[in-house]
Every structure is written in structure tokens, then in C-alpha cells.
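# Dropping a prediction and its sequence here:
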Amino acid sequence: MGKNNFFSGLFAGKGKTTNLAAKTEITPKGAGPNYISGIVPKTVSQTRKDIKEWLSARQLASAPENAKRYPLYNLYNEIQLDMHLRSQINNRMLKSLSKTFVLKDKNGKVDEELSLLLNNQSWVYGINKAILETVFNGHSLIELNYENNLLTTSLIPRQNVDPVNGLIFYDYTDDGKKVEYRNQKEYGSWLMEFGDKNDFGLLNGCVPHVLFKRFAQSCWSELAEIYGIPPRVMKTNTQDRVMTNRAKQMMTDMGSAAWFIIDDSESFEFAKGVNTNGDVYKNLISLSNNEISMGISGAVVGQDTANGSNAKEATSITIVQDLVDSDMTLLEQHWNTTVIPGLAILGIVPEGYTFGFDPAEDLTELWDRTVAAANFLEVDPEWVKTKFGIEVTGTKKLDQTKLNLNFPDGFFD
């Protein structure tokens, strides 16, 4: 589709922009296959997970024959309820998702109109998110489709996808109804695949640390319950029903803490163990958080308040930025090799375009250079306003008043 025909589907009326993916304007080949509508919803067990279950899921996912990934990806979804892990993933992903990208034509010129349109489309955000999630999950398979004349991006649940054999299972517990998606005509356009089919992503290494952390939190809460509000014990003649009932009433009226009644001929003692205030659990939780941070962000940023320092934080932030730069390169690679060719088939993006990010500018250094150059050169006020947000109204006149110093003759002799 030529550029003129392409933009005729984007604009209608005077100064009004229609939807970029208006079905009747820029997709003459119709809508996508809509595989995701056939996916059977499944109830996921909410029982407590342990290391044994993770090892079993990983072994099943990497089996040489009839491998199943749904137990592992169900476990991935479960551990992402951990707020620390979720924050580390968001901190890394959102830095790349918030960057503005540009599209360039065959001559390397930035297409400002098309770049602005695509930067404001939710389905583009969905594509970028699916690409970045391959770092953590290993693989993503998305489907483009229409809902109410709006182009949408849907991630086909990873539990239902076998990327090694190229299969979509409508019910991941049933091998009967399935689709060989790489053999479908929509593959590469309506269906787009990202990531490594043999990779399980960074979350695979985070699973044991989240499980250990949950275990430590559970034990610590039990310790707080026992030592924070210790149980109450009353001794009485349990053979006497009246005395026993009176003891029950007394213990009930005294509060809601745990209590029990024993016979006056019996005794009760707490088992003597290692005296602790919970430091052992606190240390395990701290270790787990640090390991999660190292796996996702490559460094521990802003967590170690006891041993942290400004130099250490600055170095950690630099490491995180290196990972973000790598993620942005990953986006560029997938867009240029997979997304843009697919969108070109659908007529959404003209052929021959390339995707990229503008190189980051150091505005502090640029401002210093601008101030230095202003002493000798004319600086465009519009450029200053656009680049730094400073409203320039004119040039400030400097006071040219000179001091007159009258010295008598022979003063310097």
C-alpha cells in the first residue's frame, strides 16, 4: 500500500484523526483468525507451592517428548503476586515502554506523522510489552484482531502454547484440539511470535527465592502469634464440671488470646529452642529480595539501607540502565525483523520502514554548551524553547557603564 493511500485511511474531515486501524480503510484482507476466543478458561490451584512442585514443573517443561509448560507458567503467574518481584519487573520494563520511538522511511528520514500516531496506539504498547516479557518468560505469541473497529493486541496464554513444536492447545490439559500455528497463513501478520522457544526466562531462577520468602514470612507470622500473644493456661480440677465451666467462662472473658485448661495434677511448659526475635526469618527474606533484584535488575538498588552508599547506588543505577538499553535494542530487533514486515502485509505500515529510538541526550551538558556558544553565536529561541522549555522573549541588554577613575598626575610615578 502506498503512503498516500495509507494516510488517506488515517485522516478524515478537517484536522480530525480517525482510528489508525480503521477496518474498512487499511485492512482490505479482513480480520484475524481470533484463536484466543477458543481458549478454554481453567481454574488454577491456589494451594501452597513448594520447591518440589517447581522442580517437577521444570522437568515436565523440558521433557524430550510431550513436554508441557502449563505447570511452570502457572507457577510464574503465582510468584508474580510478590510485590518485590513485581516492582523489579515494572522498574525495568516501564523504562523501555515509556520511551518515544520513531519510524524512518527507506531514505532514513523520520516520518513524524506516522511515528506520532503509532506512539499513541494501545495495540503498539501491547506488542512492545509482549516483546519485553520474553526476557522474563522466554516466549510470547500474540494475536492482532479487531474489537469494535479497534485494532487490539492479545497475548495467547503461554500455558496453551508449545513453542518447540509450534502448537496452540485450546485446552492445555487436553492434547486433542490443537493448531499448528506456524503453518497457518496468518502467521507472521495476524500472529506474531517473539523470544526463544527453548528459553524459560529470568522468572525460572526467581521461583525458589519467592517460595523461600513466603516460607519465611509464614514462619515469622507464626512466631509473632506465639510470642506476641502467648497462650494462657489454667489449672483446675477437670473432674469437677462446675469448676471446669467456671474456668472456661473466666478464660473467655479475659480476651481472645489462645487458652486451654489442664488438670491441677498436670503441667505445661514451652519447648526450649533457639531464642530468636525473628532475625533468622528477616535475613532469609532479605537474602531472597536481594537475589530477586540481582536476577531482574542486575543490582540491588535502594534496598540495602544499612550498607548502602551514594557511589554504590550510582553504580547500580548504571547497571540497570545498561539492561534497559539492551531491552530497547531487543525492541528494535523484533520490530524490524518481525513486526514491521507483518504490519506491512496488513497495510498498516508502508514497506521498507525501520523502527528505532532517538539516542538519549544529556540535557545538562547540552545546556552548558549552549550557554558557552551564546557568547559568540546566534541561538535560535524556538530551538531553546523546544529543547529546554524556556520561553525566550528577547535578548537581555548588559549594562555598559564604565568606571572613571581620576588619578592626579604623577600618581603612578
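It's in. Residues are numbered from 1 along each chain as shown.

# Just the element for the residue nearest the centre of the chain, please.
Centroid-nearest residue in the chain: Asn90, 3.4 Å away (criterion: Cα atoms, centre = their mean). Element membership for Asn90 (DSSP states H and E) is helix 83-97.

# Just the buried residues of that helix, please?
84-85, 88-89, 91-93, 95-96 (16 or more other Cβ atoms under 10 Å). Just so you know, the C-beta spots here come from the backbone N, C-alpha and C atoms, and that holds for glycine as well.

# does Leu151 count as helix, strand or coil?
strand (DSSP: H, G, I helix; E, B strand; the rest coil).

# and Ser267, what does it touch?
Residues in contact with Ser267 (Cβ atoms under 8 Å, 6 or more residues apart in numbering): none are found.

# one more time with 10 Å
233, 235 (Cβ atoms under 10 Å, 6 or more residues apart in numbering).

# go on, Asn145?
31-37, 123, 151-154, 190.

# Most neighbours among those, which one is it?
Leu151 (25 neighbours; other Cβ atoms under 10 Å).

# sorry, back to before: which one of the buried residues of helix 83-97 is nearest to Lys49?
Leu85 (13.9 Å; Cβ to Cβ).

# Would you check that that closest one makes contact with Leu211?
No - using Cβ atoms under 10 Å, Leu85 makes no contact with Leu211, being 11.4 Å away.

# who touches both of those two?
79, 288.

# which of the residues in stretch 349-362 are buried?
Result for stretch 349-362 [16+ other Cβ under 10 Å]: buried residues 349-350, 353, 355-356.

# Among these, which lie within helices?
Among the buried residues of stretch 349-362, no member falls in helices (criterion: DSSP state H).

# Out of those, the closest to Ala373 would be?
Among the buried residues of stretch 349-362, and counting by Cβ to Cβ, the member closest to Ala373 is Gly356, at 28.1 Å.

# Leaving out chain neighbours, which residue sits closest to that closest one?
Using Cβ to Cβ, 6 or more residues apart in numbering and skipping residues adjacent in sequence, the residue nearest Gly356 is Glu332, 5.6 Å away.

# Tell me the pLDDT of that neighbour.
Looking at Glu332, its pLDDT stands at 95.

# what's the neighbour count on it?
Per other Cβ under 10 Å, the neighbour tally for Glu332 reads 16.

# what residues are up against it?
Taking Cβ under 10 Å, 6+ apart, one finds 101, 131, 354-357 in contact with Glu332.

# which two in those residues are spaced the farthest apart?
Using Cβ to Cβ, the contacts of Glu332 span at most 15.9 Å, a distance reached by Ile131 and Thr354.

# ok now the helix or strand containing Val135, how far from the chain's centre?
Val135 belongs to helix 122-137 when assigned by DSSP H and E. Centroid separation for helix 122-137 versus its chain: 9 Å, with Cα atoms, centre = their mean, to the nearest Å.

# Give me the buried stretch members for that helix, please.
123-124, 126-137.

# try stretch 63-81
Buried residues in stretch 63-81 (16+ other Cβ under 10 Å): 68-76, 78-80.

# what's the span of it from first residue to last?
Stretch 63-81 has an end-to-end distance of 27 Å (criterion: Cα to Cα, to the nearest Å).

# if we can go back for a sec, which one of the contacts of Asn145 is nearest to Val300?
Thr153 (33.7 Å).

# Surely that closest one and Ile142 touch.
Yes - between Thr153 and Ile142 there is a contact under Cβ under 10 Å: 5.6 Å.

# shared neighbours, these two?
123, 126-127, 129-130, 192.

# can you tell me which two in these are farthest apart?
Lys129 and Met192, at 12.8 Å, using Cβ to Cβ across those.

# Between those two, which contacts overlap?
Contacts common to Lys129 and Met192, judged by Cβ under 10 Å, 6+ apart, are 140, 142, 153.

# ok so, going back, would you mark the buried spots in the helix or strand containing the residue nearest to Gly356?
Secondary structure assignment for Glu332, by DSSP H and E: helix 310-334. For helix 310-334, burial by neighbour count (16+ other Cβ under 10 Å) applies to 316, 320, 323-324, 327-328, 330-332, 334.

# pretty sure Glu143 belongs to a helix, no?
No - counting by three-state DSSP, Glu143 is not part of a helix but strand.

# out of the buried residues of stretch 63-81, which are inside helices?
70-76, 78-79.

# Going by distance to Ser288, which of those residues wins?
Nearest to Ser288 among these, with distances taken as Cβ to Cβ, is Ile79, at 11.1 Å.

# list the contacts for the spatially closest residue to that closest one that is not a sequence neighbour?
Leaving out its chain neighbours, the residue that sits closest to Ile79 by Cβ to Cβ, 6+ apart is Val210, at 4.1 Å. Contacts of Val210 were listed using Cβ under 10 Å, 6+ apart, and they are 49, 54, 75, 78-82, 84-85, 203, 288-289, 291-292.

# What ranges does the protein have for its strands?
For the chain, strands defined by DSSP state E occupy the ranges 101-104, 139-147, 150-155, 161-162, 167-169, 178-180, 191-195, 232-236, 259-263, 354-357.

# Out of those strands, which is closest to Ala63?
Among these, strand 161-162 sits nearest to Ala63 (Cβ to Cβ), with 11.3 Å.

# other SSEs contacting that closest one?
helix 70-79, strand 139-147, strand 167-169 (3 or more Cβ pairs under 10 Å, 6 or more residues apart in numbering; DSSP states H and E).

# Can I get the first one in CSV, CA atoms only?
The C-alpha atoms that make up helix 70-79 are tabulated as CSV, following Å, rounded to 0.1, in the frame of the first residue of the first chain:
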residue,chain,number,x,y,z
TYR,A,70,1.5,-25.0,31.7
PRO,A,71,2.6,-26.1,35.3
LEU,A,72,5.7,-23.9,35.0
TYR,A,73,3.8,-20.9,33.6
ASN,A,74,1.0,-21.3,36.2
LEU,A,75,3.8,-21.1,38.8
TYR,A,76,5.2,-18.0,37.1
ASN,A,77,1.8,-16.3,37.4
GLU,A,78,1.7,-17.2,41.1
ILE,A,79,5.1,-15.8,42.0
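
# helices and strands around that helix, which ones?
With 3+ Cβ pairs under 10 Å, 6+ apart as the test, helix 70-79 has helix 51-61, helix 122-137, strand 161-162, helix 203-228 packed against it.

# quick one: that helix to chain centroid distance?
16 Å.

# how near is the residue lying closest to Asp199 once chain neighbours are set aside to Lys248?
Take Asp199 and drop its neighbours on the chain: the residue closest to it by Cβ to Cβ, 6+ apart is Gly138, 3.9 Å away. Shown here: Gly138 relative to Lys248, a distance of 59 Å by Cβ to Cβ, to the nearest Å.
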